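J.: Sequence first, predicted model second:
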Number of protein chains: 2
Amino acid sequence: MRKVNIGIIGFGNVGSGAAKILLARKSFLAQKIGVEINIKKVCDKDITSKRNVSLSKDILTRDPGQILNDPQIDIVAELMGGINPAKEYILEALKKGKNVVTANKALLAECAQQLFREAADRGRNIYFEASVGAGIPIIKSLREGLVANKFSSIFGIVNGTCNYILSQMSSNNCSFAQALSEAKEKGFAESNPTLDIEGLDTAHKLILLTYLTFGKLVTLKDVFIEGISNISLADVNYAKELGYQIKLLAIAKKEVDELEVRVHPTFLPDKHLLSSVDGVFNAIYVSSDLAGDLMFYGPGAGQLSAASAVVSDIVDLTQDIKAGLFRPTLNSVEDNLVKKLRKIDEFESRYYIRFSALDKPGVLAKISGILAKFGISIASVTQKERQRSQIVPIVMLTHEAKEKNLHEALKMIDHLADIKEKSVAIRIEV
Amino acid sequence: MRKVNIGIIGFGNVGSGAAKILLARKSFLAQKIGVEINIKKVCDKDITSKRNVSLSKDILTRDPGQILNDPQIDIVAELMGGINPAKEYILEALKKGKNVVTANKALLAECAQQLFREAADRGRNIYFEASVGAGIPIIKSLREGLVANKFSSIFGIVNGTCNYILSQMSSNNCSFAQALSEAKEKGFAESNPTLDIEGLDTAHKLILLTYLTFGKLVTLKDVFIEGISNISLADVNYAKELGYQIKLLAIAKKEVDELEVRVHPTFLPDKHLLSSVDGVFNAIYVSSDLAGDLMFYGPGAGQLSAASAVVSDIVDLTQDIKAGLFRPTLNSVEDNLVKKLRKIDEFESRYYIRFSALDKPGVLAKISGILAKFGISIASVTQKERQRSQIVPIVMLTHEAKEKNLHEALKMIDHLADIKEKSVAIRIEV
């Protein structure tokens, strides 16, 4: 049986998971493809720590050159993460005529243009199924399964840490800090969780999803990013009362001829399927013009889940290599209806707003007067805990309003003597 | 630019949808693949009726031979439906060296073995993404995206007609007959809806899903099939009260070394994601050992949705043809843990049971005595509408029980003088 040789760079969580699957499922996969996938080398700085897979010593190396310079290695799986030297390794692998599999969303979000161009120039492919939604085959579905479709929007819950924290706050009535500390204990959040909770990881994935749906490779500075660290239990509970859930969403949305690309906590109605996605699960909800509204759901993290996606990429490439063929991935085609990216100020949305105001006559009139001045129309108002001369929350839902107008109105309102804390505004979708 | 020629047999709903997309997205697809997909011939008995796509007259033909015998046609899309002559056309196309795309689940469910063997012998592929879940890329996801996984179960809502009827009964508090007649009015049910409501269409799709997840090509007689025509509004409402939804599920489930393959109305807990799948939507929920629990959701029917899947198959084949290559679909590998198919009598399940009994002392004792005799343990009992000497419903949920035992117990209970109607039993899952 023909053999295809793999080199894995990065023997951490995903790398050792991929190695484990490739060994345990060797004959299962060989029966499916008609090719033996052989792990020729695995490179890591640390080749002595115990992993949950045991490889013979001559496979392990500290020298990436043993993979990059080995002409017998057909596919390089870059699973080390980080920007440098992962990027240099991928470029070198492509130069040497190897195909590449990576799970590195941060690198792709920053350098996709350069990497994809190098791959095309060399007649090689970069596959990256594991970079969004772990084992959920979302990349393949968008690129191949929905190849004939144009998209109007994509909403993604693509960060398990954030979704776990928000789900916990909602179901256990606990604060952000408590939920975060629990997430850390359970291994669902890193000791430094900034990348996750401030929305950067979600933005990285959104860049890839936007590329696959709208054919546009936006940069990080094109993405409006707001994390979940300012979400208070009060807002989570008001959301529930009003029939919503708060989710951190990756959103790419076409509005006539403009595209909005943004990451922020979002009020989603309970009845929307994404509202039922709890805990560390991920889901990507896409609206396509032929296949309609679709959702892809599954665990968004986990060693074997991500490794499952890496192995599916390796199998795809192996099938081509077996046939002695370069079968390029489908080209991305820019949606020609999209003329420009919409700037944050121009976003339009409905909003949930919570004011902390002194409970005295005339406050509501002042607030609603300012909102009216900026053309912001109120859909509903709730003022629950009436306590003369105390600070009470006033909760409003607005109709569609321009982001810019909302911010100016809030700035003015927050200057009122009767407003005692910074007002909170959260966008409502769907 | 290289050109690949397509012949379409069947110019009905899906066929004309596929033609429409291939024309409207011709340059969009050409940019993605680097190949022009050209509709060379479209065959149908009726080539005069107006469709929502206009083709030049020399493309339309009544003679399938003009497609099957044309050496320039690379791909045949069989979209006419039915067993004969669709089967003969597909076999002939394969013999003539053409690749085949079909949406014909009934044909595949009956003759997949023969058709797949012919394709393999001829070095050609049969793609069938549109046969389950219309535009949801479930076939590709199971076969390619989850290639490394073994599965423990698959639960599918794969018939939009049934799901629409059950959703309407639940949300509008209407009878099965009312919901069915509404479904017909809206075009969600055929004038003769038997194939849908009696579960046969779901069984056809389940055969394909079982093949893709467990590598086993079961036959229709291996599948236990029960439709939804006996579901009463009373049961739908009791389900809601108890925190469940009734859904018609396609189930393939591994129990130790046996496989259960069945279609029947099922009590699903409200919190299960499948319970939120309403109306004509479909969803397939799979449990895999590496990628975890995944769900794929979308419209289960619709001209453009199904045609979207057909076109994705055509694009897959076009990429290979372009490369001058036969890239066989991944082989299906039988799950070697599955030793046999479990017979219906051996199924184990929890049950919802509704008895119609005279409200008089001792009835409950008799019923529970018989259940106990057959080893069926009761989890909860509800008897609501107490009306001395009237017929009242007694609703029970059981713990796990063997199907065979349950049936014998119900037979005995239904013979009691105090039981006034045939008792209803519905399986509970998850």
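T.: Done, it's in.

J.: residues from the stretch 151-300 of chain A in reach of chain B?
T.: Listed as neighbours of chain B in the stretch 151-300 of chain A under the rule CB under 8 Å from any CB of the partner chain: A:273, A:276-277, A:288-299. Quick note: C-beta positions are derived from backbone N, CA and C, even for glycine.

J.: Spell out which two among those residues are the most distant pair, please.
T.: Maximum pairwise distance among these (CB to CB): 29.4 Å, between A:289 and A:299.

J.: Which one's more surrounded, these two?
T.: Legend: neighbour count by other CB atoms under 10 Å in any protein chain shown for residue A:289 and residue A:299, higher for residue A:299 (22 against 15).

J.: Spatially nearest residue to the more buried one (excluding sequence neighbours)?
T.: residue B:292 (4.0 Å; CB to CB, 6 or more residues apart in numbering or on different chains).

J.: Identify the bridge partners of the one you found.
T.: residue B:288 (DSSP bridges).

J.: Let me know the pLDDT of it.
T.: As predicted, residue B:292 sits at a pLDDT of 98.

J.: check contacts around it.
T.: Going by CB atoms under 8 Å, 6 or more residues apart in numbering or on different chains, residue B:292 touches A:135, A:298, A:299, A:302, A:305.

J.: And for residue A:98, the neighbour number?
T.: 23.

J.: what does residue A:360 give?
T.: As a measure of burial, residue A:360 has 12 neighbours, counting by other CB under 10 Å.

J.: roughly how far out does the helix ranked longest in chain A sit from the chain middle?
T.: When chain A is parsed with DSSP state H, its longest helix is helix A:303-322. Offset of helix A:303-322 from its chain centre (CA atoms, centre = their mean, to the nearest Å): 21 Å.

J.: what's the angle between that helix and helix B:303-322?
T.: Helix A:303-322 and helix B:303-322 are oriented at 50 degrees to each other (axes from the mean of the first three to the mean of the last three CA atoms, to 10 degrees).

J.: Name the next helix or strand following helix A:303-322 along the chain.
T.: For helix A:303-322, the succeeding helix or strand toward the C-terminus, using DSSP states H and E, is strand A:340-341.

J.: could you say what helices and strands that next one packs with?
T.: strand A:258-269 (3 or more CB pairs under 8 Å, 6 or more residues apart in numbering or on different chains; DSSP states H and E).

J.: Just want to check the distance between the closest residue to residue A:405 other than its chain neighbours and chain B.
T.: Once flanking residues are discounted, residue A:405 sits nearest to residue A:374: 4.2 Å by CB to CB, 6+ apart. Counting by CB to the nearest CB, to the nearest Å, the gap from residue A:374 to chain B is 37 Å.

J.: returning to that earlier point: quick one: which of the residues of the stretch 151-300 of chain A next to chain B is most hemmed in?
T.: residue A:291 leads those on contacts (other CB under 10 Å) with 29 neighbours.

J.: Test my guess that that residue contacts residue B:307.
T.: No - Residue A:291 lies out of contact with residue B:307 (CB atoms under 8 Å); the separation is 9.2 Å.

J.: all helices for chain A, in order.
T.: Using DSSP H, helices in chain A cover A:13-24, A:26-33, A:65-68, A:86-95, A:105-122, A:138-140, A:160-172, A:176-185, A:194-197, A:200-214, A:233-241, A:303-322, A:363-373, A:403-414.

J.: okay if I get these as JSON lines plus distance to residue B:409, mean pLDDT and mean neighbour count?
T.: JSON lines is the format used below for those (distance: least, CB to CB, whole Å; pLDDT from 0 to 100; neighbours: other CB atoms under 10 Å in any protein chain shown):
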{"stretch": "helix A:13-24", "distance to residue B:409": "44", "mean pLDDT": "97", "mean neighbour count": "23"}
{"stretch": "helix A:26-33", "distance to residue B:409": "42", "mean pLDDT": "95", "mean neighbour count": "18"}
{"stretch": "helix A:65-68", "distance to residue B:409": "64", "mean pLDDT": "98", "mean neighbour count": "19"}
{"stretch": "helix A:86-95", "distance to residue B:409": "63", "mean pLDDT": "98", "mean neighbour count": "20"}
{"stretch": "helix A:105-122", "distance to residue B:409": "56", "mean pLDDT": "96", "mean neighbour count": "18"}
{"stretch": "helix A:138-140", "distance to residue B:409": "47", "mean pLDDT": "98", "mean neighbour count": "26"}
{"stretch": "helix A:160-172", "distance to residue B:409": "39", "mean pLDDT": "97", "mean neighbour count": "23"}
{"stretch": "helix A:176-185", "distance to residue B:409": "46", "mean pLDDT": "97", "mean neighbour count": "17"}
{"stretch": "helix A:194-197", "distance to residue B:409": "53", "mean pLDDT": "97", "mean neighbour count": "19"}
{"stretch": "helix A:200-214", "distance to residue B:409": "53", "mean pLDDT": "97", "mean neighbour count": "25"}
{"stretch": "helix A:233-241", "distance to residue B:409": "43", "mean pLDDT": "97", "mean neighbour count": "18"}
{"stretch": "helix A:303-322", "distance to residue B:409": "42", "mean pLDDT": "94", "mean neighbour count": "26"}
{"stretch": "helix A:363-373", "distance to residue B:409": "64", "mean pLDDT": "95", "mean neighbour count": "16"}
{"stretch": "helix A:403-414", "distance to residue B:409": "64", "mean pLDDT": "96", "mean neighbour count": "18"}
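
J.: can you put the ones you listed in CSV and add distance to residue B:339?
T.: As requested, the helices of chain A are exported to CSV (distance: least, CB to CB, whole Å):
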stretch, distance to residue B:339
helix A:13-24, 21
helix A:26-33, 17
helix A:65-68, 42
helix A:86-95, 44
helix A:105-122, 42
helix A:138-140, 32
helix A:160-172, 37
helix A:176-185, 42
helix A:194-197, 44
helix A:200-214, 41
helix A:233-241, 48
helix A:303-322, 25
helix A:363-373, 68
helix A:403-414, 61
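
J.: Quick one: closest of these to residue B:343.
T.: Across the helices of chain A, closest to residue B:343 is helix A:26-33 (CB to CB), at 27.8 Å.

J.: Please export the C-alpha coordinates of that closest one as CSV.
T.: Presented in CSV, the C-alpha positions along helix A:26-33 are these (Å, rounded to 0.1, in the frame of the first residue of the first chain):
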residue,chain,number,x,y,z
LYS,A,26,-4.1,3.8,11.1
SER,A,27,-5.7,0.8,9.5
PHE,A,28,-9.2,2.3,9.8
LEU,A,29,-8.0,5.3,7.8
ALA,A,30,-6.0,3.1,5.4
GLN,A,31,-9.1,1.2,4.6
LYS,A,32,-10.9,4.4,3.8
ILE,A,33,-8.3,6.1,1.7
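
J.: what's the offset of it from the middle of its chain?
T.: 31 Å.

J.: Now do that helix against helix A:303-322, angle only.
T.: 50 degrees.

J.: Run a quick check on residue A:408 versus residue A:374, I expect a contact.
T.: Yes - using CB under 8 Å, residue A:408 is in contact with residue A:374, at 5.9 Å.

J.: pLDDT below threshold where in the stretch 251-400 of chain A?
T.: Applying pLDDT under 70 to the stretch 251-400 of chain A picks out residues A:325, A:385.

J.: Find the closest residue to chain B in it.
T.: Going by CB to the nearest CB, chain B is nearest to residue A:291 of the stretch 251-400 of chain A, at 2.8 Å.

J.: Excluding residues flanking it in the chain, which one is nearest that residue?
T.: Residue A:291 sits nearest to residue B:135 (CB to CB, 6+ apart), 2.8 Å away.

J.: now swap in residue A:212 and tell me
T.: Residue A:212's closest residue in space is residue A:142 (CB to CB, 6+ apart), at 4.2 Å.

J.: Residue A:213 is in contact with that neighbour, correct?
T.: Yes - contact criterion CB under 8 Å: residue A:142 and residue A:213 qualify, at 6.1 Å.
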